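>>> coords please:
(chains A, B, C, D and E, ligands or ions: 4)
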Amino acid sequence: ASKAQITVYAAASLTDVFPKIDSTEKYSFGGSNTLAAQIQQGAPADVFASANLTLPKQLNAKGLCSTPVVFTRNTLVIVLPKSNPAGIHSIYDLTKPGVKLDVAGAGVPVGSYTLQILKNMNLSSAVLKNVVSQETDVREVLAKVALGEADAGFVYSTDAKTVPGKVVTLKVPAWAQPKVQYGICVVSRSGEKTDAQAFVNKVLAKAGQAKMLAAGFLPRVKPAPPKKK
Amino acid sequence: MRRRALAVAWVAVALVSFAFLLLPIVAIFAHTSPGRLVDQLSNPVVRDAFRVSIKTSLIAQALILLFGTPTAYLLATRRFPGHALAVTLVELPLVLPPAVAGVGLLAAFGRVGLLGSTLDFFGVSLPFTQSAVTIAVAYVASPLYVRQAIAAFEATDPTLAAASRTLGAGPVRTFFRVVLPLARGGLIAGLALSFARGLGEFGATIMFAGSLQKVTQTLPLAIYAEFDQNFDATLAMGGVLVLVSVVLLVTLRLAVSWQRSPSTTSPSLFGLSTSS
Amino acid sequence: MRRRALAVAWVAVALVSFAFLLLPIVAIFAHTSPGRLVDQLSNPVVRDAFRVSIKTSLIAQALILLFGTPTAYLLATRRFPGHALAVTLVELPLVLPPAVAGVGLLAAFGRVGLLGSTLDFFGVSLPFTQSAVTIAVAYVASPLYVRQAIAAFEATDPTLAAASRTLGAGPVRTFFRVVLPLARGGLIAGLALSFARGLGEFGATIMFAGSLQKVTQTLPLAIYAEFDQNFDATLAMGGVLVLVSVVLLVTLRLAVSWQRSPSTTSPSLFGLSTSS
Amino acid sequence: MAALTVDNVTVPLRAFDLELTLEVGSAVAVVGPSGAGKTTLLRAIAGLVEPKSGRIAVGDDVWFDSERSICLAPDERRVGLVFQDYALFPHMTVRQNVEYSRKQRADEYLERFRIAALADVKPPGLSGGERQRVALARALAREPQVLLLDEPISALDAHTKATVRAELHELLGSLEIPALLVTHDFEDAAALADQVSVVVDGKLRQSGTVAELVARPADAFVASFTGANLLHGTAVQSANGSTRVQLADGTVVTTADPAGGEVVLAVYPWDITVGPNAPDDSALNVIGGPVRSVAELGNRIRVAIGPVTAEITAESLARLELRTGSFAFASFKATGTRVVAAGSGA
Amino acid sequence: MAALTVDNVTVPLRAFDLELTLEVGSAVAVVGPSGAGKTTLLRAIAGLVEPKSGRIAVGDDVWFDSERSICLAPDERRVGLVFQDYALFPHMTVRQNVEYSRKQRADEYLERFRIAALADVKPPGLSGGERQRVALARALAREPQVLLLDEPISALDAHTKATVRAELHELLGSLEIPALLVTHDFEDAAALADQVSVVVDGKLRQSGTVAELVARPADAFVASFTGANLLHGTAVQSANGSTRVQLADGTVVTTADPAGGEVVLAVYPWDITVGPNAPDDSALNVIGGPVRSVAELGNRIRVAIGPVTAEITAESLARLELRTGSFAFASFKATGTRVVAAGSGA
Ligand SMILES: Nc1ncnc2c1ncn2[C@@H]1O[C@H](COP(=O)(O)OP(=O)(O)OP(=O)(O)O)[C@@H](O)[C@H]1O
Ligand SMILES: Nc1ncnc2c1ncn2[C@@H]1O[C@H](COP(=O)(O)OP(=O)(O)OP(=O)(O)O)[C@@H](O)[C@H]1O
Ligand SMILES: [Mg+2]
Ligand SMILES: [Mg+2]
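Ligands and ions are numbered 1, 2, ... in the order given. Modelled structure (predicted):
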């Protein structure tokens, strides 16, 4: 079967895992929000895999993509440089003055999740004053921490795993974890709808899911009702 | 007549070029009504970004002027072993992709960079600070000024400086009374260029300084950040920057033409030379 | 002696400038051993990015050459109402923040852009395609060539073109046999500059073309993207680009000096003029 | 040979309009101060500048005619123009320069102008004189109907001038086509052309042979241009029909020409004799005073006394033992003076 | 006044080394072809170029001495240098230019050089002559110990030259300081300086008064420079002690000077007479042939016959009715010729 190579716009946090699922496609990884915006501007994407459900839903509402389905879930962790220059041992240490905290921009899914966590723990004001930069996607956060330029940053647990040895991770209490659901949909303007759908299926299929789990993602559960932001 | 045709074709090509260059700008303003544009100016993100941009740019340009001018003069007037190398070095950031410059700056002044520990020792940490933005801007913008400055200094008739010396003026007086006034036009032009370049700095800044509203988020960074939030704000900021740029360019034009002598008669390709 | 002191201070300032400019580059190479650098060249991301960069750059430069040269010649030799405006327009992209240029290009050629529907009608969709990269590069880099070209054409002695005409050569022959050879040095220099600038293009590209490996991910974008994957690759690519840039700059130096006449004696500020 | 006709051609220039009518048969020199419009005239003839009005033709070939709105492009006019600075193509060898207009017979011209040996040299490596020869060869290789020369020798060293001037003179003599030669040096004009036209501020001041100009300068400018002393003063018609002119410094000079009011007198240095004491000859004008300067040019000596400069021979200088400061008398015939219109003299 | 001493100063230049020794008392002219090193000499004296070795002093003030490794900066030497192109500051008014070296007594100089009226004009708006006066005023306002002039009049129009030349001559006469004047025009040198030094390729060829140079040119170059005809040929000592020189075209010329082998004969135009038929005077050299050219310069006429150019008066021209092509004889005394060393003649 002659299968066309399709273009997948996927959240930065999927950078490592998606090629493992299907290495033949073309990928554009970045902040889900940026990708969504690009699709609105007419980017030739076939599939959109976002680190939240909100963005695909918005596109769907605009008729720009099919109804999104959740294909995996994730959790956030705090990453620190191996040297841990700021001597951080718990999330509460993030309130220490002078800590260089790197987060993603509020528009980026991981950014909004970060804000939710801090809100849930009533740390918002105390911690946000230590933010030194708002990156454009989760991998930027990871990089700045891995480089040792930032003292700490909020990323997905899956991201932390991609740079073993470079960073140490701190758990975020489960009760504070936001509901991180990844939504995937087929872009309406796609010229390769069937192949696009095929890719989506591939991700949802056993093999795909296995790969996701191996990468540290959580099993997908039934689509949750849209949650208010 | 064959010649007419040629001339027409020639002009046509030029017109296409102009259209291409003009269109995006027209588009920006087509999308944002002046009203919207003004509204956006009250959008805190835009306002903060504007403030950060202006502040860092001004400091950066001051530094460029302070260090660039003597350097340029030296390169323009002295010939020493490795001169060509020095000039190349000065121009390097011009051809260096900003992202690379950013990486370089991190590798040099970052916490884990070459000078990181040294700076740490003095309790200085540059990344994520406004100083980082200034440094990034100064780094990528400086060549535009220095090149123009070198050219301007080279263009000033050396015998005039010599005359000043034989008239009893020392090096300093000669420089400020004769050389500088004569090079002025070129220097202003150069500064306008580097200011514009600095104002548009993106790659190096985001790498070296990150992007934090009120602190390190310059207009270009804000544009990128807002791009996916609200395109209007983006366009508005774009509009603002276009206006700023135009102003700068006009300054530049004036400065240059002011230095240049009135236009000479032109080589007559199509029939006759028009004497303006 | 006061004068010595001054001279020393002067040189010191220059040295500081050089150090500042050199450091980041040294840092990049300090972090990557030549071995690593070579390894990284076999890294698919780097290779793809390199391919994309070269391909788009070459096409873009070809276009710039094709459209820029006649335009520059026209602007250099004709004086017409709105001439100054035209020159300003040509230079605008130079002072336009790349991000803004990107926004502008989107607003012009994007799906919701001015020409969007028109293009759609012809089944063409530019944004986020490789053509978009080429366009972005051409848009941002063109002024560097055109400016140099204008200068070069203005510098060619009009009487030589006139002489050619009186010797019976038509406009075309005159242009190719006399004007072009004389302006050559300047044109090459300009092309080298715009090539380098285009190679480093970031802001406009990421806005208008996005960053899709193998398709629109140029080296600077790859650097930005890889920056978070593995810093080594970033540094390696940085190293590669530095080398490319240096080569380009040297070309430029040569081209220019080749056109320029040998260095004239310099204005003697510190004591005596050294006659090289 | 077909003559070049320039029929009240007008070209608007920055400061003034160029307005000229010329008939160029053989070799004509156009002289005038810098900025007079000489080069512009040549450019107009060659088609590099379009006149506002007028007519330019060679024989029956009309090159420009505002009424019939004819205006040939420069390359459509068979004209040989030698530029003020020769305008050789620096990126081509001498041969390529000469061959530029047509490949054939280039060698012939290289031979004729003794530059065959330099055929492969590029202009930057040539001396002034050589450059000029190449420029001439290149211009003539086109086989033009008219030869236009813009200050052909003013770019040369003083001591090569003489040689080149002679060569050029021979060339112009041997040419079969009209030649228009522009210069701001009267001596060059005199040496090279049969006919001299003086142009000032774009207008023709006077035209004629050198002898005519020297004999009857139309105005002060032409007079000074041809080397005369100019004496400014006020004229009073005196009884015996002669005119008495009182100069600024009080000296009174008599002239045969009738005149009144503010006038300018022209006296040529070689019409003035110098002596140790005043000759008592009523027909003579005598100006006594200390010698302001003594300048030797070969065997001619220029002696400045009061307002005038006299030209005497080395012999008489020796006899008179004149030196700067020593007192002497300059005397010249009343008939040797000419009243000239004030004009814009030097 | 303190004399300027240039004691075997050597400056390495592109093509050759400048090596000169000069003693400048009053006004000395340095003449030489373009590229001889004239400007470089002035720059060295002013301190704008550092010589490799030698000594430069004014009276007892040593400005440069390689042995004592003294080398004053230009602004430490009280020197007035007028540049080849005047080098006025274009962004300053005439007054500001003159006041540049010292505020005091500027008016005085503005008056003295008749530029007070132009005080507020900027140089671009000045004529050549005015520019020169400003340059002089500016240089002298510094009250220098030495005045250096680089081609002070070659930048001027031919027809303003004469006037300015006279002015300059007076100035130099009135100055109390040594003046070194550079030019490549022998006439200027003759007109302005008492002493002329001929420099070629950086070396002093000959030095003396104009009369001396004309009388005994050291070599062919100096001869041609001073306006002589040069005749190249081979000399054969003849019985009667005189020398017979056979020229390229076969003509044989006799000279009083002893010589042998390849030689160059110098004959000045004013030593040559022209006649319709050969004078039968054995003492005379006679060259017959068609007149190659007739050039009128004021009342002097230059007639070219065969290898020589003669200078005759207007009268004799009229008498002889010479015109180009007509056959005539040029004759000159054997004693009127001089054998000169070949040198690098023109
Ligand atoms: N393209 C032009 N447009 C308007 N005016 C011009 C132009 N070129 C020259 N002029 C003016 O025309 C006048 C004559 O210029 P032109 O070069 O013909 O003088 P010229 O007699 O050749 O002077 P020179 O003897 O210095 O060569 C000058 O006053 C000059 O300022
Ligand atoms: N800075 C320099 N370094 C080396 N050589 C030089 C320099 N400047 C000039 N020259 C060479 O020195 C020689 C003399 O130059 P200079 O200007 O002194 O000659 P000049 O006699 O003044 O000529 P001109 O009469 O044309 O002014 C020339 O051959 C020139 O090429
Ligand atoms: Mg001219
Ligand atoms: Mg000189």
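>>> can you map out the helices along chain A?
In chain A, the helices defined using DSSP state H lie at A:17-21, A:32-40, A:54-61, A:109-120, A:124-128, A:138-146, A:157-162, A:193-204, A:206-214.
>>> Output the last one as PDB - backbone C-alpha positions only.
Output of helix A:206-214 as PDB, limited to C-alpha atoms (Å, rounded to 0.1, in the frame of the first residue of the first chain):
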ATOM      1  CA  LYS A 206      -1.500  -1.400  21.600                       C
ATOM      2  CA  ALA A 207       2.000  -1.100  20.200                       C
ATOM      3  CA  GLY A 208       1.800   2.600  20.200                       C
ATOM      4  CA  GLN A 209       0.500   2.800  23.700                       C
ATOM      5  CA  ALA A 210       3.300   0.400  24.800                       C
ATOM      6  CA  LYS A 211       5.900   2.800  23.500                       C
ATOM      7  CA  MET A 212       4.200   5.600  25.300                       C
ATOM      8  CA  LEU A 213       4.200   3.800  28.600                       C
ATOM      9  CA  ALA A 214       7.800   2.800  28.100                       C
END
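>>> Which one of the helices of chain A lies nearest to residue E:215?
Across these, residue E:215 has its closest neighbour in helix A:138-146 (91.3 Å, CB to CB). C-beta here means a position set from N, CA and C on the backbone, and glycine is covered the same way.
>>> name the helices or strands packed onto that closest one?
strand A:76-81, strand A:101-104, strand A:131-135, strand A:152-156, helix A:157-162, strand A:167-171, helix C:219-229 (3 or more CB pairs under 8 Å, 6 or more residues apart in numbering or on different chains; DSSP states H and E).
>>> Single out the most deeply packed of those.
Compared across those, strand A:152-156 shows the largest average neighbour count, a mean of 30 (mean count of other CB atoms under 10 Å in any protein chain shown).
>>> Quick check: the nearest residue to residue D:42 once chain neighbours are set aside vs chain A, distance?
Using CB to CB, 6 or more residues apart in numbering or on different chains and skipping the chain neighbours, the partner closest in space to residue D:42 is residue D:148 (4.7 Å). The spacing between residue D:148 and chain A, counted by CB to the nearest CB, to the nearest Å, is 63 Å.
>>> So residue D:148, which state does it fall into?
Residue D:148 carries the three-state label strand when classified by DSSP: H, G, I helix; E, B strand; the rest coil.
>>> Report the contact partners of it.
Neighbouring residues of residue D:148 by CB atoms under 8 Å, 6 or more residues apart in numbering or on different chains: D:42, D:45, D:46, D:79, D:80, D:81, D:82, D:179, D:180, D:182.
>>> so who does the third one touch?
With contacts defined as CB under 8 Å, 6+ apart, the neighbours of residue D:46 are C:162, C:166, D:74, D:77, D:79, D:81, D:148.
>>> so which helix or strand takes in the most centrally placed residue in chain B?
In chain B, the residue lying closest to the centroid (CA atoms, centre = their mean) is residue B:194, at 1.8 Å. If you go by DSSP states H and E, residue B:194 is part of helix B:180-199.
>>> any weak-confidence spans in the stretch 151-276 of chain B?
B:252-253, B:255-276 (pLDDT under 70).
>>> again, 80 this time
Applying pLDDT under 80 to the stretch 151-276 of chain B picks out residues B:227-233, B:244-245, B:248-276.
>>> Show me which residues of it are close to chain E?
Where the stretch 151-276 of chain B comes near chain E, counting by CB under 8 Å from any CB of the partner chain, the residues are B:157, B:159-160, B:162-170, B:177-178, B:181-182.
>>> Which among those count as buried?
Buried members of these, counted by 16 or more other CB atoms under 10 Å in any protein chain shown: B:157, B:159-160, B:162-170, B:177-178, B:182.
>>> From those, pick the one nearest ligand 1.
Set against ligand 1, the nearest of those by CB to the nearest ligand atom is residue B:157 (20.3 Å).
>>> How about the contacts made by that closest one?
Contacts of residue B:157 (CB under 8 Å, 6+ apart): B:182, E:87.
>>> how about it, phi and psi?
Residue B:157 adopts backbone torsions of phi -60, psi 120, taken as degrees, to the nearest 10.
>>> now swap in the one 3 residues further on and tell me
Here the main-chain torsion angles of residue B:160 (degrees, to the nearest 10) amount to phi -70, psi -40.
>>> Okay, it and residue E:87: tell me how far apart.
Relative to residue E:87, residue B:160 is positioned 6 Å away (CB to CB, to the nearest Å).
>>> From the contacts of residue D:46, pick the one nearest chain E.
residue D:148 (20.0 Å; CB to the nearest CB).
>>> how close does that closest one sit to residue D:277?
Separation of residue D:148 from residue D:277 (CB to CB): 54 Å.
>>> returning to that earlier point: show me what the residue nearest to residue D:42 is bridged to.
Beta bridges link residue D:148 to residue D:81, residue D:180, judged by DSSP bridges.
>>> what residues does chain D put near chain C?
Going by CB under 8 Å from any CB, the residues of chain D near chain C are D:43, D:46-48, D:73-75, D:77-81, D:83, D:85, D:87, D:89-91, D:100-102, D:138-139, D:142.
>>> Sort out for me which of those residues are in helices.
D:43, D:46, D:138, D:139.
>>> dump the residue contacts of the last one.
Pointing back at residue D:139 there. Neighbours of residue D:139 in contact, by CB under 8 Å, 6+ apart: C:167, D:80, D:81, D:82, D:147.
>>> how close does it get to residue D:183?
Distance of residue D:139 to residue D:183, given as CB to CB: 17 Å.
>>> Any idea which of the helices and strands packed on helix A:138-146 gets closest to residue D:127?
helix C:219-229 (53.3 Å).
>>> relative orientation of that closest one and helix C:180-199 in degrees?
20 degrees (axes from the mean of the first three to the mean of the last three CA atoms, to 10 degrees).
>>> which residues touch helix C:219-229?
So helix C:219-229 is contacted by A:12, A:15, A:29, A:137, A:139-140, A:142-143, A:146, A:162, B:97-100, B:103, B:203, B:206-207, C:45-46, C:48-50, C:52-53, C:199-202, C:205-206, C:211, C:213, C:217, C:233-234, C:237-238, C:240-241 (CB under 8 Å, 6+ apart).
>>> ok now do residue B:41, which residues does it touch?
B:47, B:50, B:236, B:240.
>>> Can you pull the phi/psi pair for it?
Torsion angles, degrees, to the nearest 10, at residue B:41: phi -60, psi -20.
>>> Tell me the spacing between it and residue B:49.
Between residue B:41 and residue B:49 the computed distance is 11 Å (CB to CB).
>>> can you check residue B:92 too?
Counting by CB to CB, the gap from residue B:92 to residue B:49 is 29 Å.
>>> Show me which of these two is the more surrounded one.
Neighbours per residue (other CB atoms under 10 Å in any protein chain shown) separate residue B:92 from residue B:49, with residue B:49 holding more: 26 against 20.
>>> pLDDT score for the more buried one?
Reported pLDDT at residue B:49 in the predicted model: 90.
>>> Equivalent analysis for the one 3 residues further on, please.
Model confidence at residue B:52, expressed as pLDDT, equals 94.
>>> who's in contact with residue A:38?
Here residue A:38 is in contact with A:9, A:28, A:45, C:127, C:128, C:210 (CB under 8 Å, 6+ apart).
>>> who does the one residue in chain A that gets nearest to chain E bridge with?
Nearest residue of chain A to chain E (CB to the nearest CB) works out as residue A:133 at 48.6 Å. Residue A:133 forms beta bridges with residue A:102, as assigned by DSSP bridges.
>>> so it touches residue B:216, yeah?
Yes - Residue A:133 is within contact range of residue B:216, at 6.8 Å (criterion: CB atoms under 8 Å).
>>> Please enumerate the shared neighbours of the two.
Overlap of the contact sets of residue A:133 and residue B:216 (by CB under 8 Å, 6+ apart) consists of B:128, B:209, B:210.
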